[in-house]
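A.B. asks: Got a predicted model here, sequence first, then my questions.
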Amino acid sequence: GTVRFCNGPGPECRPRNAGLPARAVSGISHPLPMIFETRLPARPLAGFVARYWYYEGLDVPYERERVFPDGSSHLMVNLGDEPRRVFDRDGGERVADYRRAWVSGVHTRYLVIDARRGSSLLGVQFRPGGLTPFLPVPPGELLDRVVELEELLGLIVRDLRDALIEAPTPGAKFRVLEEFLLRRARRGLPRSPAVAHALERFQRTPHMGTVDAVARGLGMSHKQFIARFRAEVGLTPKRFCRIRRFQRVITSIGRRTAVDWPDLACACGYFDQAHFIGEFREFSGLSPTAYLRQRGEDLNHVPLTVEG
């Protein structure tokens with residue numbers, strides 16, 4: 001990736017969804033440029049890691065944001081001094097602070113997080129099911145949770161953070177992080193062919209009927225298939241397909257200012273408008289029309305006021 005010096009809004013500065021993520025610069029001037037960079041992983045991690053990302057000098061005109069579920073897990077390291085926060089969805093009260101590094105498991109609803117100006121963060125977006133080889137706990141234990149990495153791996157997390165802070169460039173930081181992941185994967189990088197096949201099918205065609213078809217095609221019973229998928233990905237195939245179908249809606253909306261909602265619902269495989277709206281609210285906390293009004297630079301992030 002190339003370092004981006006971002007002095008205003010633009011798609012070239014837009015990071016991907018990442019749990020407690022990097023965020024795009026939006027609509028304000030910057031006394032100092034924001035730096036944002038992404039990097040693709042090297043083999044053999046490419047089958048498990050989607051991308052690394054890094055930002056420095058976050059500057060946005062809001063304090064909190066909703067982050068939508070996407071079926072992925074994320075690892076983040078705070079390179080600044082101030083903790084990052086997760087808030088209650090309904091009351092807006094602070095739920096937890098995260099200081100050094102943390103893992104955000106697969107989520108089945110949106111998160112509300114802070115957007116701390118001036119912060120610096122480095123992260124890994126894992127592919128669905130890709131977190132499994134790197135942690136001593138099964139992914140299901142991290143479902144709908146954000147957990148301090150030190151609770152899972154101990155004091156080596158402090159060494160990792162120190163090394164990342166000392167690394168002089170974004171590229172050097174990515175190398176430190178990748179070497180850490182490779183060491184964590186010394187027990188091997190197992191990948192069930194059945195689950196890999198299922199994930200590919202579900203991400204291409206996230207419809208409920210696909211679950212039964214995939215199980216039959218693999219020669220597995222429905223129960224066996226669900227158990228194996230959940231063990232590697234952290235949630236059931238049905239829930240994963242629902243999240244990916246929601247993500248197909250978000251991608252289809254894109255930057256459009258007007259949407260034919262019944263047509264979109266039908267195209268994405270919903271039974272009717274009520275089904276579509278209910279699913280959209282469950283994953284985003286918003287109606288589709290409210291999302292269209294409030295969405296931010298990143299389609300999976302919605303800026304919030306402190307009162308929002």
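C.D. replies: Thanks, I have it.
A.B. asks: send the alpha carbons of the helix or strand hosting E279 over as PDB?
C.D. replies: Assessed by DSSP states H and E, E279 sits inside helix 273-284. What follows is helix 273-284 as a C-alpha-only set of coordinates in PDB (Å, rounded to 0.1, in the frame of the first residue of the first chain):
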ATOM      1  CA  GLN A 273     -40.500  -5.400   2.800                       C
ATOM      2  CA  ALA A 274     -41.300  -6.300   6.400                       C
ATOM      3  CA  HIS A 275     -38.600  -9.000   6.400                       C
ATOM      4  CA  PHE A 276     -36.100  -6.700   4.800                       C
ATOM      5  CA  ILE A 277     -36.700  -3.800   7.200                       C
ATOM      6  CA  GLY A 278     -36.600  -6.100  10.200                       C
ATOM      7  CA  GLU A 279     -33.300  -7.600   9.200                       C
ATOM      8  CA  PHE A 280     -31.800  -4.200   8.400                       C
ATOM      9  CA  ARG A 281     -32.800  -2.800  11.800                       C
ATOM     10  CA  GLU A 282     -31.400  -5.800  13.600                       C
ATOM     11  CA  PHE A 283     -27.900  -5.400  12.100                       C
ATOM     12  CA  SER A 284     -27.700  -1.600  11.800                       C
END
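A.B. asks: list the helices and strands it packs on?
C.D. replies: Helices and strands touching helix 273-284, by 3 or more CB pairs under 8 Å, 6 or more residues apart in numbering; DSSP states H and E, are helix 237-253, helix 261-267, helix 288-294. (C-beta placed from N, C-alpha, C; glycine too.)
A.B. asks: taking the mean pLDDT, what do you get for the longest one?
C.D. replies: For helix 237-253, the mean per-residue pLDDT is 96.
A.B. asks: swap in the second one?
C.D. replies: The average of the pLDDT scores along helix 261-267 is 95.
A.B. asks: list the helices and strands that helix packs on?
C.D. replies: Here helix 261-267 is seen to pack against helix 237-253, helix 273-284 when contacts are counted using 3+ CB pairs under 8 Å, 6+ apart.
A.B. asks: okay, those helices, which one's buried deepest?
C.D. replies: When you average the neighbours per residue for each of the helices and strands packed on helix 261-267 (mean count of other CB atoms under 10 Å), helix 237-253 leads with a mean of 20.
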